[in-house]
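>>> need the 3D shape of this:
(one chain, ligands or ions: 1)
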Amino acid sequence: MSGALDEWVIPRSHPRYHSLVLRERLVEGFEKGLVVPQGLIAHGRGEAFDYILGERTHPFAERAVRAAVAYMLTSRHPVISVNGNMAALAPRELVQLSELTGAPLEVNLFYRSEERVKAIVQHLREHGAEVVLGLGCSKKRLPGLESARGIVCEEGIYSADFVLVGIEDGDRTEALRRAGKVVAAIDLNPFSRTAQKADITIVDEATRALRLAVRLAAEMRGWSRGRLEEVIQSYDNRAVLSEAFKAMLERLSHAASKGVILEP
Ligand code: PTJ
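A predicted model of the protein is given here:
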């Protein structure tokens, strides 16, 4: 353990406290065998987009989270897919969201090894998860996906009608959609293939987005099916993506014309 979360190393008053805490969680996750080195690089890319977005949840991201939660509460078999970065960054939120929506957690990795799957399952259990799919299930392959990401549990992602993914690489969203599933993706980069191909794109930092999803799920699980379906029917992912690009453009054009950033 690096121990940098100690108040003396990263004081709460540090202007970049939250960002540094997330880095620490990933470094600790790396040391515990949850996160791969490539995951640390991926996080750096996400941070760059988050900087441009002003490191906050925008209304367009909230709309996308709301739609994803509405799907989770109305789908026949929703599943939350968990990779190394997601598990290290937001284990508690993942477990809470799973409990509130009834969507099981399934460990699904790009850089797959049984050891990593075991370490991530164990980590989620330590954070309160009772059931985590990924080990010892009946394995199936998602058609058209050659990477290890294509290895899924029959009773989990394989038979799901809705899948929430986050901090994903390339082509899996397309494979999931081809298999007839509705996909919501958390991705700070609206240019990415995942962001462009998902049915619902949550352009926000995964920890913030999952915390918001937990809050909304606690509220929306008391809603009628009709009200949840209205949220789904009125959702427009193209408009959400367009607003994400506009938010970036606005901050960039302010900075370009004034030489100072637009404070959130
Ligand atoms: O744990 P594994 O083996 O499944 O591997 C996970 C990684 C992250 C290594 C793998 O999925 C990967 O290589 O992902 P990419 O291709 O780097 O894509 C990750 C995407 O997530 C990029 O578009 C990043 O901008 C974005 N991203 C990174 N960190 C965050 C994020 N989006 C939201 N929240 C973050 N914290």
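
>>> which SSE is Leu22 in?
For Leu22, the enclosing helix or strand under DSSP states H and E is helix 17-31.

>>> for that helix, buried residues please.
19-30 (16 or more other Cβ atoms under 10 Å). Just so you know, the C-beta spots here come from the backbone N, C-alpha and C atoms, and that holds for glycine as well.

>>> which parts of the chain sit against the ligand?
Residues of the chain found near the ligand (Cβ under 6 Å from any ligand atom) are 36, 38-39, 42-43, 45-46, 49, 83-85, 89, 109-111, 167-169, 186-189, 192, 205-206.

>>> could you turn the buried ones of those residues into a PyMOL selection?
Buried residues within the residues of the chain next to the ligand, by 16+ other Cβ under 10 Å, are selected in PyMOL with:
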select buried, resi 36+39+42+43+46+49+83+84+85+89+109+110+111+167+168+169+186+187+188+189+192+205+206
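
>>> can you tell me which of the residues of the chain next to the ligand are in strands?
By the criterion of DSSP state E, membership of the residues of the chain next to the ligand in strands covers Ile186.

>>> remind me which residues of the stretch 101-250 of the chain are low pLDDT?
By pLDDT under 70, the stretch 101-250 of the chain has no low-scoring segment.

>>> which stretches of it form strands?
105-107, 132-133, 139-141, 151-153, 162-166, 182-186, 200-202 (DSSP state E, counting those that start in this stretch).

>>> can you list these in TSV and add distance to Ser75?
As requested, these are exported to TSV (distance: least, Cβ to Cβ, whole Å):
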stretch	distance to Ser75
strand 105-107	14
strand 132-133	16
strand 139-141	19
strand 151-153	16
strand 162-166	4
strand 182-186	7
strand 200-202	12
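
>>> between those strands, which one is nearest to Ser253?
For the strands of the stretch 101-250 of the chain, distance to Ser253 was read as Cβ to Cβ. The smallest value, 22.5 Å, belongs to strand 200-202.

>>> packing partners for the closest one?
helix 59-74, strand 182-186, helix 237-258 (3 or more Cβ pairs under 8 Å, 6 or more residues apart in numbering; DSSP states H and E).

>>> deepest-packed of those, please.
Mean neighbour count (mean count of other Cβ atoms under 10 Å) peaks for strand 182-186 among the helices and strands packed on strand 200-202, with a mean of 26.

>>> quick one: contacts of that strand?
Applying Cβ atoms under 8 Å, 6 or more residues apart in numbering, the contact partners of strand 182-186 are 64, 67-68, 71, 75, 161-168, 173, 176-177, 194-195, 197-202, 204, 206, 209-210.

>>> can we see that at 7 Å?
For strand 182-186, contacts defined as Cβ atoms under 7 Å, 6 or more residues apart in numbering pick out 68, 71, 161-168, 173, 176-177, 194-195, 198-202, 204, 206, 209.

>>> with stretch 88-102 instead?
Stretch 88-102 has contacts (Cβ under 7 Å, 6+ apart) with 22, 25-26, 29, 34-35, 72-73, 78, 80, 82, 86, 104-105, 123-124, 127-129, 206-207, 210-211, 213-214, 217-218, 221.

>>> can you show me the CA trace of it as PDB?
Provided in PDB are the C-alpha atoms of stretch 88-102 (Å, rounded to 0.1, in the frame of the first residue of the first chain):
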ATOM      1  CA  ALA A  88     -10.900  -0.200  -7.600                       C
ATOM      2  CA  LEU A  89     -12.600   3.200  -8.000                       C
ATOM      3  CA  ALA A  90     -16.100   2.600  -6.800                       C
ATOM      4  CA  PRO A  91     -16.700  -0.800  -5.100                       C
ATOM      5  CA  ARG A  92     -19.200   0.400  -2.600                       C
ATOM      6  CA  GLU A  93     -21.300   2.300  -5.200                       C
ATOM      7  CA  LEU A  94     -21.300  -0.800  -7.500                       C
ATOM      8  CA  VAL A  95     -22.500  -3.000  -4.600                       C
ATOM      9  CA  GLN A  96     -25.200  -0.400  -3.600                       C
ATOM     10  CA  LEU A  97     -26.400   0.000  -7.100                       C
ATOM     11  CA  SER A  98     -26.700  -3.800  -7.600                       C
ATOM     12  CA  GLU A  99     -28.700  -4.100  -4.300                       C
ATOM     13  CA  LEU A 100     -31.100  -1.200  -5.200                       C
ATOM     14  CA  THR A 101     -31.800  -2.400  -8.800                       C
ATOM     15  CA  GLY A 102     -31.400  -6.100  -8.400                       C
END
